[in-house]
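In: Just need the structure, nothing else, for what follows:
(2 chains)
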Amino acid sequence: MDHQENQAAPVLNKAVPVRHPGRWISAIIIVGVLVLFLQSLVTNTNYRWDVVGTYILDTKVVQGVGWTLLLTVASMVLAIVLAVLLAVMRQSDNPVLRYTSWLWVWFFRGTPVYTQLLFWGLVTVLYPAITIGIPFGPELFTYVLSDPSKGLIPAILGLGLNESAYLAEIFRAGLKSVDKGQTEAAEALGMSKGKIMWRIILPQAMRIIVPPTGNETVGMLKTTSLVLAVPFTLDLTFATNALANRIYLPIPLLIVAAFWYLLVTSILMVGQHYLEAYYGKGVDNLAPATINPAAAKASAAVAPSADAEPALRMDVPEEDPK
Amino acid sequence: MTITTENPLVKIEGLHKFYGPHHVLRGIDLTVNQGEVSVVIGPSGSGKSTMLRCVNLLETISAGRISVGGHLIGYREVDGRLHDLKTKEIAAQRREIGMVFQRFNLFPHKTALYNVMEAPVQVKGQPRAAARKRAMELLDRVGLADRAGHYPSQLSGGQQQRVAIARALAMEPELMLFDEPTSALDPELVGDVLNVMKDLAKSGMTMIVVTHEIGFAREVGDRLTFMDGGVVVESGDPREVLSNPQHARTKEFLSRVL
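Out: Numbers count the residues shown, from 1 in each chain, chains lettered A, B, ... in the order given. Here you go, the predicted model:
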């Protein structure tokens, strides 16, 4: 056996790095523009920072943020539930479900959300009551439609149903991205179709689904400003517009609205980061999933009853120390 | 290993498979006895993987019959007519048949341990503690107890395939199907997987192995079947077939792979 081994420690290469003058020039230009802009923020009195300060925590504004959040969350929850259903239907063996899903997406994606919101606002005019009965025969059941929510329910329906069409396509793309071998492996183990979807395919598809859905959620936060069409008049945009019209100062109240939208978006982005880390486990997120093998063996051999907790801890990796 | 008593577990009779106009399997007959290791070889495109996939209905059966343990696969026969089984009934039949894939197909979002535990818990409804204990035993059997908490992406190809074997064994199948289990592996990792399979064969498991590993066929196989062009060309004792092939096509194939 003869192999080469150099006893002396290697001399590290200390090469002269490539210079990047472009970085310096671009930094000087951008910082310069930024400084000028910041200076204008302070010196330009038309910003009326005093008014911004007065209204930033105004009751109407804070309530508006609350209503906007409620609209966003409620319509996204509705849209996500519908979208999962639609995406699964689209892949179903049942042709009726497949075409129904296609038709739904075609309709709700093909009409403007503003039109849909107007429509939901007028639904009680169009259908004052819902009657269930035999066509052209006797009536069995009548429910008088009314909207005690002052536009909230039509607004959520309008936003949620429209969004469900877009999300359905995102979910479908996610489901399709999962390798066919996964379904085959699960089938070969004798798993039922439902279990294959919920335990094998969907968790892997979520990795693909979460980023664009986060995008859609941020979009929804701002689309809620269209609920004026219903009309629903308590959301953030309406509240700040109303205040601006009252005091004839639109710019400071636009800043107030922008501040709140940015704040909520930032919080949503943090949430998205954790969701991505969770669904990326095993693929993007390889944070130490290793366990103490001796402990695992011991717990398996000695104390199988004390199972639930260590099992859970093992599948959800701990936070990445770096 | 020689089987003296004839006790067929798997019977494939007159199996045909069409993909549209393509006639991939042209009448396959194959019997595998209880405890037997049946090795299937042949050039790519010969239909050997398709045949294997028909046994647990990953492919539909165009014509012919397959029975495992006396039960017709995929159909119910009523008054001489075949009726398709429901998805649930097919799933129940698959529980008795373990399958190992060329590309492993481990669940990437679950650790090795959870890959093995998944089906016993979700399909058989075993208590988690018992399933976990059994899964650790199986991982130990394939030499990977210390990798239980690793995700598939943290394992080498050979380790992934051994976890996949443990995952299939966790359902306690009466038959194991191997679809080119070592074809996607680096050469130096093939041996570990083959050793696990040899162990399994020694323990009396009935196995159908589609492979290019002629050495495995010679050493472990009870029967060797050579397929080409969707038909069985030659079948018999592996050592016999390998040393003294009867058909020109078998000779030609063996001369290229040996």
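
In: Would you agree residue A:133 is in contact with residue A:140?
Out: Yes - using Cβ atoms under 8 Å, residue A:133 makes contact with residue A:140 at a distance of 4.8 Å. C-beta: built from backbone N, CA, C; applies to glycine.

In: so what secondary structure elements neighbour the host helix or strand of residue A:219?
Out: Counting by DSSP states H and E, the element that carries residue A:219 is helix A:202-223. Applying 3 or more Cβ pairs under 8 Å, 6 or more residues apart in numbering or on different chains; DSSP states H and E, one finds that helix A:202-223 contacts helix A:59-90, helix A:152-177, helix A:250-279.

In: Out of those, which is the most enclosed?
Out: Neighbour counts (mean count of other Cβ atoms under 10 Å in any protein chain shown) averaged over each of the helices and strands packed on helix A:202-223 peak at helix A:152-177, with a mean of 22.

In: what angle separates it from helix A:202-223?
Out: Between helix A:152-177 and helix A:202-223, the angle comes out at 140 degrees (axes from the mean of the first three to the mean of the last three Cα atoms, to 10 degrees).

In: Helices of the stretch 1-150 of chain B, start to end?
Out: With helices called from DSSP state H, counting those that start in this stretch, the stretch 1-150 of chain B shows them at B:48-55, B:87-94, B:112-122, B:128-141.

In: And the ones you listed: which comes nearest residue B:35?
Out: helix B:48-55 (16.9 Å; Cβ to Cβ).

In: got the residues of the stretch 151-258 of chain B near chain A?
Out: B:151, B:152, B:153, B:154, B:164, B:167, B:168, B:171 (Cβ under 8 Å from any Cβ of the partner chain).

In: will you turn those into TSV that also has neighbour count?
Out: Conversion of those to TSV gives the following (neighbours: other Cβ atoms under 10 Å in any protein chain shown):
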residue	neighbour count
B:151	25
B:152	22
B:153	14
B:154	17
B:164	27
B:167	32
B:168	25
B:171	19
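
In: Tabulate the residues you listed (a markdown table), appending distance to residue A:63.
Out: Formatted as a markdown table, those follow (distance: Cβ to Cβ, whole Å):
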| residue | distance to residue A:63 |
| --- | --- |
| B:151 | 46 |
| B:152 | 50 |
| B:153 | 48 |
| B:154 | 50 |
| B:164 | 56 |
| B:167 | 54 |
| B:168 | 59 |
| B:171 | 57 |
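
In: Out of these, the closest to chain A would be?
Out: residue B:151 (3.8 Å; Cβ to the nearest Cβ).

In: in the stretch 1-150 of chain A, what spans have low per-residue confidence?
Out: Applying pLDDT under 70 to the stretch 1-150 of chain A picks out residues A:1-6.

In: At which residues are the helices of it located?
Out: A:21-43, A:49-55, A:59-90, A:95-110, A:113-121, A:123-126.

In: Go through those helices and name the closest to residue B:99.
Out: Across the helices of the stretch 1-150 of chain A, closest to residue B:99 is helix A:59-90 (Cβ to Cβ), at 25.0 Å.

In: any idea how far stretch B:250-258 is from the chain center?
Out: Relative to its parent chain, stretch B:250-258 has a centroid offset of 23 Å by Cα atoms, centre = their mean, to the nearest Å.

In: so who does residue 178 touch?
Out: All of this is about chain A. A:200, A:201, A:204, A:205 (Cβ atoms under 8 Å, 6 or more residues apart in numbering or on different chains).

In: To clarify, I was referring to chain B.
Out: B:52, B:99, B:100, B:197, B:207, B:208, B:209, B:210, B:211.

In: Among the residues you listed, which one lies nearest to residue A:28?
Out: Using Cβ to Cβ, the contacts of residue B:178 come closest to residue A:28 at residue B:100, 62.0 Å.

In: Let me see the confidence value for the closest one.
Out: As predicted, residue B:100 sits at a pLDDT of 98.

In: Might one say that it is in contact with residue B:169?
Out: No - the criterion here is Cβ under 8 Å, and residue B:100 misses it with residue B:169 at 9.6 Å.

In: Can you report phi and psi for residue A:191?
Out: When read as degrees, to the nearest 10, the backbone of residue A:191 gives phi -70, psi 150.

In: tell me which element the most centrally placed residue in chain B falls in.
Out: Geometric centre of chain B, nearest residue: residue B:177, 1.1 Å, by Cα atoms, centre = their mean. Here residue B:177, judged by DSSP H and E, is contained in strand B:175-179.

In: Given that strand, what are its sheet partners and their directions?
Out: Its sheet considered, strand B:175-179 pairs with strand B:97-100 (parallel), strand B:206-210 (parallel) by DSSP bridges.

In: How far away from the center of its chain is the first one?
Out: The chain centre lies 6 Å from the centre of strand B:97-100; the measure is Cα atoms, centre = their mean.

In: same thing with the last one?
Out: Its chain's C-alpha centre and that of strand B:206-210 lie 5 Å apart, by Cα atoms, centre = their mean.

In: between it and helix B:48-55, how big is the angle?
Out: Using the same axes, to 10 degrees: strand B:206-210 against helix B:48-55 is 140 degrees.

In: what's next to strand B:206-210, contact-wise?
Out: Outside strand B:206-210, the residues that reach it (Cβ under 8 Å, 6+ apart) are B:9-10, B:32-41, B:48-49, B:51-52, B:55, B:174-181, B:197, B:200-201, B:216-217, B:221.

In: again, but for the first one
Out: Taking contacts as Cβ under 8 Å, 6+ apart, the residues outside strand B:97-100 that touch it are A:185, A:188, B:55-56, B:58, B:68, B:161, B:164-165, B:168-169, B:171, B:173-179, B:181.

In: of all the strands paired with strand B:175-179, which lies closest to residue A:68?
Out: strand B:97-100 (51.7 Å).
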